[in-house]
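Asker: with the sequence up front, the predicted model follows.
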Amino acid sequence: MQSIIPPGLSAGEDVTEIAKGGVQEWTPIEQVKLYTNAFILQDNKILLGYKKRGFGKDLYNGFGGKVDPGETSVEAAVRELQEEAGITAPLRHSGVLFFTVSDVAHAFYIDVYYANEYSGTIEETEEMRPQWFSVEQNATGTQHNSNKTDSEFAPIPYEQMWADDPFWLPLLIQGRPFIGRADFGADGRMQKWWFAEIPVSSDV
Ligand SMILES: Nc1[nH]c(=O)nc2c1ncn2[C@H]1C[C@H](O)[C@@H](COP(=O)(O)OP(=O)(O)OP(=O)(O)O)O1
């Protein structure tokens with residue numbers, strides 16, 4: 001299948017589109033800021049944080065923030081995980097996301113990371129309240145079993161996350177690299193979006 005990689009992202013031709021939709025044109029990009037987002041995946045559960053303040057307040061997400069000057073992306077991801085959840089992890093790159101938000105002047109270029117282990121003690125911080133969720137029912141993005149789970153952990157709370165997350169988080173959980181872009185309106189809804197799986201060997 002022929003794919004058109006949205007502005008802001010780069011990848012080879014061998015991407016597999018998994019979702020796209022919305023309006024005709026991508027929002028023009030003026031300024032781009034680099035961010036990170038990191039997830040711990042362990043024993044069929046995933047660590048998310050409830051954002052207590054700032055951008056994305058009251059949503060669950062991975063742990064991350066801006067890449068500071070002089071820092072590499074992975075250094076920033078390790079630092080943000082430590083600052084927001086109190087732990088250190090051997091993070092591995094999983095994908096790239098690119099977002100625009102209509103009332104934010106810059107676009108977000110986000111390196112997404114994961115690790116299957118961590119050291120330290122998970123703790124609530126001023127910015128985030130960490131919580132484990134079960135991935136057993138969510139790995140395909142569908143619920144096999146409407147309201148009952150054998151897990152002691154709740155399913156991933158997609159209804160309390162950014163609207164793009166259901167497209168790529170299942171891929172991260174399954175160890176499948178991805179890229180994607182979404183343009184958000186002032187109402188917090190996606191106006192245009194595109195997500196794709198990329199080959200494991202790709203250097204994203
Ligand atoms: N549409 C979206 N979907 C998503 O899943 N994560 C998003 C997102 N838009 C932004 N993010 C993530 C990236 C990053 O982990 C976080 C934004 O980081 P922060 O709010 O911590 O940024 P700040 O500007 O506060 O930076 P720091 O001061 O460096 O923490 O939200």
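Answerer: Noted; the coordinates are in hand. Numbering: from 1, shown residues only.
Asker: show the subsequent helix or strand relative to the helix or strand hosting F39.
Answerer: Secondary structure assignment for F39, by DSSP states H and E: strand 31-42. Using DSSP H and E, the helix or strand that follows strand 31-42 in sequence is strand 45-51.
Asker: adjacent strands (with direction) for that following strand?
Answerer: Applying DSSP bridges, strand 45-51 is found paired with strand 31-42 (antiparallel), strand 60-61 (antiparallel), strand 128-134 (antiparallel).
Asker: check the offset of it from the chain's centre.
Answerer: Put simply, strand 45-51 sits 11 Å off its chain's centre (CA atoms, centre = their mean, to the nearest Å).
Asker: repeat that for stretch 31-40.
Answerer: With CA atoms, centre = their mean, you get 8 Å for stretch 31-40.
Asker: can you list contacts of the longest helix anywhere in the chain?
Answerer: The longest helix of the chain (DSSP state H) is helix 73-85. Defining contact as CB atoms under 8 Å, 6 or more residues apart in numbering, one finds that helix 73-85 is touched by 34, 36-38, 47, 49, 63-68, 71, 87-89, 91, 93, 111, 113, 120, 122-123, 125, 127-128, 130. C-beta coordinates here come from the backbone N, C-alpha and C atoms, glycine included.
Asker: now do stretch 51-70
Answerer: Taking CB under 8 Å, 6+ apart as the rule, stretch 51-70 contacts 33-39, 48-50, 73, 76-77, 79-81, 83-85, 110, 112, 126-131, 133, 156-157, 160-162, 165.
Asker: that one: which residues count as buried?
Answerer: K51, L59, Y60, N61, G62, F63, G64, G65, V67 (16 or more other CB atoms under 10 Å).
Asker: also stretch 80-93?
Answerer: E80, L81, E84, A85, G86, I87, A89, L91, H93.
Asker: of all those residues, which comes closest to the ligand?
Answerer: Distance to the ligand across the buried residues of stretch 80-93 (CB to the nearest ligand atom) is lowest for E80, with 6.2 Å.
Asker: please tell me how far the closest one sits from W26.
Answerer: Plainly put, E80 is 28 Å away from W26 if you go by CB to CB, to the nearest Å.
Asker: residues in contact with N37?
Answerer: N61, G62, F63, G64, A77, L97, I110, D111, V112, Y113.
Asker: narrow the residues you listed to those in helices?
Answerer: Counting by DSSP H, those contribute A77 to helices.
Asker: turn the contacts of N37 into a markdown table, including pLDDT.
Answerer: Putting those into a markdown table (pLDDT from 0 to 100) gives the following:
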| residue | pLDDT |
| --- | --- |
| N61 | 98 |
| G62 | 98 |
| F63 | 98 |
| G64 | 97 |
| A77 | 98 |
| L97 | 98 |
| I110 | 98 |
| D111 | 98 |
| V112 | 98 |
| Y113 | 98 |
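Asker: got a markdown table for the contacts of N37, with distance to the ligand too?
Answerer: Shown next, in a markdown table, are the contacts of N37 (distance: CB to the nearest ligand atom, whole Å):
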| residue | distance to the ligand |
| --- | --- |
| N61 | 5 |
| G62 | 6 |
| F63 | 7 |
| G64 | 3 |
| A77 | 9 |
| L97 | 6 |
| I110 | 5 |
| D111 | 10 |
| V112 | 8 |
| Y113 | 10 |
